[in-house]
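[1] Test case, fold it:
(chains A, B, C and D)
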2 protein chains.
Amino acid sequence: MGGPNEPGSEPWELGDRGATQSDANGSARSRASMREVADLADVAISSVSRVLSGHPDVSAQMRERVLSAVARLDYEPDFLAQSLRRGQTLSVGFVLADISNPLMADIVLGAEAVLRSAGYSLLLMNSENDPALDAAHVRFFQSRRVDGMILSLASETDGATLDLIAQVEGPVVVIDRQLPARLGASAAVNDHRPGMEAAVEHLIDLGHRRIALITGSPAQLPGRERMEAMRAVLARRPEAVEAIYLPGSFSTEHGEAAARRALSADPRPTAIIAGGNQLLIGCLRVMRQMGLRVAQDVSLVTCDDVPLSELYEPPIASIDRDTVGLGRVAAELLVGRLVGGDEARTEILPTSFRARPSCIPPSIA
Amino acid sequence: MGGPNEPGSEPWELGDRGATQSDANGSARSRASMREVADLADVAISSVSRVLSGHPDVSAQMRERVLSAVARLDYEPDFLAQSLRRGQTLSVGFVLADISNPLMADIVLGAEAVLRSAGYSLLLMNSENDPALDAAHVRFFQSRRVDGMILSLASETDGATLDLIAQVEGPVVVIDRQLPARLGASAAVNDHRPGMEAAVEHLIDLGHRRIALITGSPAQLPGRERMEAMRAVLARRPEAVEAIYLPGSFSTEHGEAAARRALSADPRPTAIIAGGNQLLIGCLRVMRQMGLRVAQDVSLVTCDDVPLSELYEPPIASIDRDTVGLGRVAAELLVGRLVGGDEARTEILPTSFRARPSCIPPSIA
DNA sequence: CGGTTGGCCGGAACCGTTACCGGAACACCC
DNA sequence: GGGTGTTCCGGTAACGGTTCCGGCCAACCG
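    So this is what the prediction gives:
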């Protein structure tokens, strides 16, 4: 939106929306408005509106006349004008931190299904794990007047984003994030602890005593809870287990860097837990480079079951959750507040551990 | 949208948008309108509009007064009203056949970057490989008055969808699809032949004489071109190579079914080309069930490089293309027509073959 | 000093729809 | 026959902006 530099491209040099009636070539004539329907049916505009919105003050004869005119003109109401007048857009904004994460696809799928059946449509914006984009997208959705927002934020702690969220007019639901209560946002979250605890217990049971946890940002709920859960298990198990925590970002790059660091340590950890499929990818790349085999050399657990973990040889144990369900629940929370007047609340979904051959007893070094 | 059954929930029983001034509790007061800015600055509404849209007929003093009022009220223009008046929404609709396909993420990423820098935003709708949803989404976008559409259709041949596309007002760009010229759509497509031809040549060079091609729907360009390419190679190579074509849908289910059929045949094919990562997943599942090893028992090629193909043991050869670039080009074609007045045209991007250890000479049976 | 020019501003029409309001037409009942 | 309702419809003011038009005023020129 720079200064007015390019001559001929500024709006005030154009006429008042030049005649769009490209009727000459026979294609795509300008769409009909309610006004034209009313003229054709020889009734008032308000009557057309009543017929179309199902208002009871309509005679059978009137309805028939209007409907036939609507059909003849192939009329469809203008959503923009409706939204402006009604004060609602029937659309929901979804900010997702990372569209490349296949989990997001499932979440979106689940949310979309619920929203669609409630008459809402989904606008997606991708913030590429950049808190600044989070904020920009929230602001954008607000100017677009979405009726509500679903947020899978890159950061829970970014001040600018939080301030913005506090000012959002409609209901807000965050996914797998925890926001200050004063913001009044609903939340659909996983309890990451049971899955993580089971995983750590399983590794300890197998005999592992040095376990590395590569995880995402502590500015996001999953990262925090996973570290908590691991600490909790270590605290209650009598075995002297050494933990190596490697928090960072939720990227393949961090996965590689963290795995390299962990696996270069002298008493090398005998098991690694990768807190996400992006981290798993980085981890596997490094292991391949270092010539280390999954299971035989290092036991491996990942978070969230994806084709890679299922089909890898050996198959990789994972901490699972119902991602489609997560999206569905988030959408239900939103719709509940949108049409049902529900209060903001937090819905918690479970996680569980799925053992697979990537975890075996450590080779006695 | 059923009949008027639920009493108290019909619009005509509500007042004219009851006062939304939830000012009492001190939170989220209703946003300011241009009118209020004008009142505060004690100028005409039109002057506010001129200042904000950069119109030249504005004195320095006026600009300063308006801007300070804008700042004091934290005013932001209503996109809906602007769109209605200006006749453009600065948004682009993107119909994608399958959001779970990680390729789509890249395409969306590329397209979004270009569109954002041109001032447009992206609305995504997912049609789950269902042609009926394709049509519904196109219709939806049209009623939302998007300025243009990018389509990655589930079917190129669905009549209803095609008719709808013909009536779309703004420019349309299809991704990796081929539409009748009369529709006037631009296209960003890959030429799938060079990659596929190189793959088939590679397999023949290794000594393979029975090759199965599992591919998606022939109602989509990639499926057709890949089969063509394979036929072309077989026609020009003197070796008597037998090809098994297994077209179907672009799903893991078809991948499984086709792989099962191919691998159950008596003289079993010694190599399989999976035309997409979903098909690859199905294929690997079946091979594992049947106890067949990649490379040693069956050579394998997949289309589109994803983490699974890179990290599988052995790594899987793939036919690659620049997916981010594909999305970028599609968006550029659209923006060119949107702001530059370009003509509809087709942009073709290459594919190439990346050999990997999943392809070895067939074991002499 | 009168006429013309140009900068700057206010007023008003309009984008396409919704919801309120008032009223015409008709039936009904005492 | 004059109230008293119903039923149904048309007119109209919004919703929140944008753009055209006309007019005021100062500057400039001869």
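
[2] Could you list the residues of chain A in contact with DNA strand C?
    By CB under 7 Å from any atom of the strand, the residues of chain A that approach DNA strand C are A:17, A:33-35, A:45-46, A:49, A:52-53, A:77-78, A:81-82, A:84-86. Backbone N, C-alpha and C define where each C-beta goes, glycine included.

[3] From those residues, list the buried ones, please.
    Buried members of the residues of chain A next to DNA strand C, scored by 16 or more other CB atoms under 10 Å in any protein chain shown, are A:33-34, A:49, A:52, A:77-78, A:81-82, A:84.

[4] Mind picking the two most distant members of the residues you listed?
    Greatest spatial distance among those (CB to CB): A:52 and A:84, at 16.5 Å.

[5] and the residues of chain A next to DNA strand C, which of them are in helices?
    A:34-35, A:45-46, A:49, A:52-53, A:81-82, A:84-86 (DSSP state H).

[6] same for DNA strand D: which of the buried ones among the residues of chain A next to DNA strand C are within range?
    Counting by CB under 7 Å from any atom of the strand, A:81, A:84 from those sit close to DNA strand D.

[7] Let me know the closest of the ones in helices among the residues of chain A next to DNA strand C to chain B.
    Using CB to the nearest CB, the shortest approach to chain B within these belongs to residue A:84, at 4.8 Å.

[8] Show me what the lowest-mean-pLDDT helix or strand in chain A is packed against.
    The weakest-scoring helix or strand in chain A, judged by mean pLDDT, DSSP states H and E, is strand A:121-126 (a mean of 86). If you count contacts as 3 or more CB pairs under 8 Å, 6 or more residues apart in numbering or on different chains; DSSP states H and E, strand A:121-126 packs onto strand A:91-96, helix A:102-117, helix A:131-143, helix B:102-117, strand B:121-126.

[9] And for it, what's in contact with it?
    With CB atoms under 8 Å, 6 or more residues apart in numbering or on different chains as the contact definition, strand A:121-126 has outside contacts at A:90-96, A:98-99, A:108, A:111-112, A:115-116, A:133, A:137, A:140-141, A:144, A:146, B:108-109, B:112, B:121-125, B:140, B:144.

[10] For whatever residue of the stretch 201-350 of chain A ends up closest to DNA strand D, which non-adjacent residue is spatially closest?
    DNA strand D sits closest to residue A:338 of the stretch 201-350 of chain A, with a gap of 19.2 Å, by CB to the nearest atom of the strand. Distance criterion CB to CB, 6 or more residues apart in numbering or on different chains; nearest residue to residue A:338, sequence neighbours excluded, is residue A:148 at 5.5 Å.

[11] Can you point out the buried residues in stretch A:275-285?
    For stretch A:275-285, a neighbour-count test (16+ other CB under 10 Å) marks A:275-285 as buried.

[12] ditto for stretch A:93-106
    A:93-106.

[13] can I get the CA coordinates of that stretch in CSV?
    This file holds the C-alpha atoms of stretch A:93-106, laid out as CSV (Å, rounded to 0.1, in the frame of the first residue of the first chain):
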residue,chain,number,x,y,z
GLY,A,93,-11.0,-18.0,10.4
PHE,A,94,-8.4,-20.7,11.1
VAL,A,95,-4.8,-19.7,11.8
LEU,A,96,-2.5,-22.7,11.6
ALA,A,97,1.1,-22.5,12.6
ASP,A,98,2.3,-24.9,9.9
ILE,A,99,0.3,-26.3,7.0
SER,A,100,3.1,-28.7,6.0
ASN,A,101,2.5,-30.7,9.1
PRO,A,102,0.2,-33.6,8.1
LEU,A,103,-1.5,-33.4,11.5
MET,A,104,-2.9,-30.1,10.5
ALA,A,105,-4.6,-31.7,7.6
ASP,A,106,-6.6,-34.0,9.9
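
[14] thinking again about what came up before, which of the helices and strands packed on strand A:121-126 has the highest mean neighbour count?
    strand A:91-96 (a mean of 26; mean count of other CB atoms under 10 Å in any protein chain shown).

[15] what's the angle between it and helix A:79-86?
    Put simply, strand A:91-96 runs at 110 degrees to helix A:79-86, going by axes from the mean of the first three to the mean of the last three CA atoms, to 10 degrees.

[16] For strand A:91-96, give me every contacting residue.
    Applying CB under 8 Å, 6+ apart, the external contacts of strand A:91-96 come out as A:104, A:107-108, A:111, A:115, A:120-127, A:134, A:137-138, A:140-141, A:144, A:146-153, A:331, A:334.

[17] What ranges does the stretch 101-250 of chain A have for its strands?
    Taking DSSP state E, counting those that start in this stretch to define them, one finds strands in the stretch 101-250 of chain A at A:121-126, A:148-152, A:172-175, A:186-190, A:210-215, A:242-247.

[18] To residue A:203, which of these lies closest?
    strand A:210-215 (5.7 Å).

[19] got the contact list for that closest one?
    By CB under 8 Å, 6+ apart, strand A:210-215 touches A:200, A:203-204, A:222-223, A:226-227, A:230, A:241-248, A:254-255, A:258-259, A:262, A:267-276, A:279, A:283.

[20] try 7 Å this time
    Here strand A:210-215 makes contact (CB atoms under 7 Å, 6 or more residues apart in numbering or on different chains) with A:200, A:203, A:223, A:226-227, A:230, A:241-247, A:255, A:258-259, A:262, A:267, A:269-275, A:279, A:283.

[21] Output the strands of the stretch 101-250 of chain A as TSV; include the columns distance to residue B:306.
    Formatted as TSV, the strands of the stretch 101-250 of chain A follow (distance: least, CB to CB, whole Å):
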stretch	distance to residue B:306
strand A:121-126	19
strand A:148-152	22
strand A:172-175	24
strand A:186-190	25
strand A:210-215	21
strand A:242-247	25
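
[22] and residue A:289, which of those is closest to it?
    Each of the strands of the stretch 101-250 of chain A was scored for nearness to residue A:289 using CB to CB, and the closest is strand A:210-215 (15.8 Å).

[23] Enumerate the residues of chain A near chain B.
    A:4, A:11-12, A:17, A:28, A:53-55, A:76, A:78-81, A:83-84, A:87, A:99-100, A:102, A:105, A:108-109, A:112, A:121, A:123-124, A:126, A:140, A:143-145, A:167, A:169, A:281, A:284, A:307-308, A:311, A:313 (CB under 7 Å from any CB of the partner chain).

[24] Could you export stretch A:333-347 as CSV, keeping only the C-alpha atoms?
    The C-alpha coordinates for stretch A:333-347 follow below in CSV (Å, rounded to 0.1, in the frame of the first residue of the first chain):
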residue,chain,number,x,y,z
LEU,A,333,-16.7,-25.6,20.9
LEU,A,334,-16.9,-22.7,18.4
VAL,A,335,-20.2,-23.5,17.0
GLY,A,336,-21.6,-24.0,20.5
ARG,A,337,-20.6,-20.4,21.3
LEU,A,338,-21.7,-19.1,17.9
VAL,A,339,-25.2,-20.5,17.8
GLY,A,340,-25.8,-21.9,21.2
GLY,A,341,-24.5,-19.1,23.4
ASP,A,342,-22.3,-21.5,25.3
GLU,A,343,-19.6,-20.3,27.6
ALA,A,344,-15.9,-20.5,26.9
ARG,A,345,-14.5,-23.8,28.2
THR,A,346,-11.6,-26.2,27.7
GLU,A,347,-12.1,-29.7,26.3
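
[25] Distance check, the residue of the stretch 101-250 of chain A found nearest DNA strand C against residue A:83.
    Closest approach between the stretch 101-250 of chain A and DNA strand C, counting by CB to the nearest atom of the strand: residue A:145, at 13.3 Å. Residue A:145 sits 7 Å away from residue A:83, going by CB to CB, to the nearest Å.

[26] Spell out which residues are contacts of both of those two.
    Listed as contacting both residue A:145 and residue A:83 by CB under 7 Å, 6+ apart are A:89, B:80.

[27] hmm, which two among the ones in helices among the residues of chain A next to DNA strand C are most spread apart?
    A:35 and A:86 (18.6 Å).

[28] what's the pLDDT at residue A:205?
    For residue A:205, the model assigns a pLDDT of 95.
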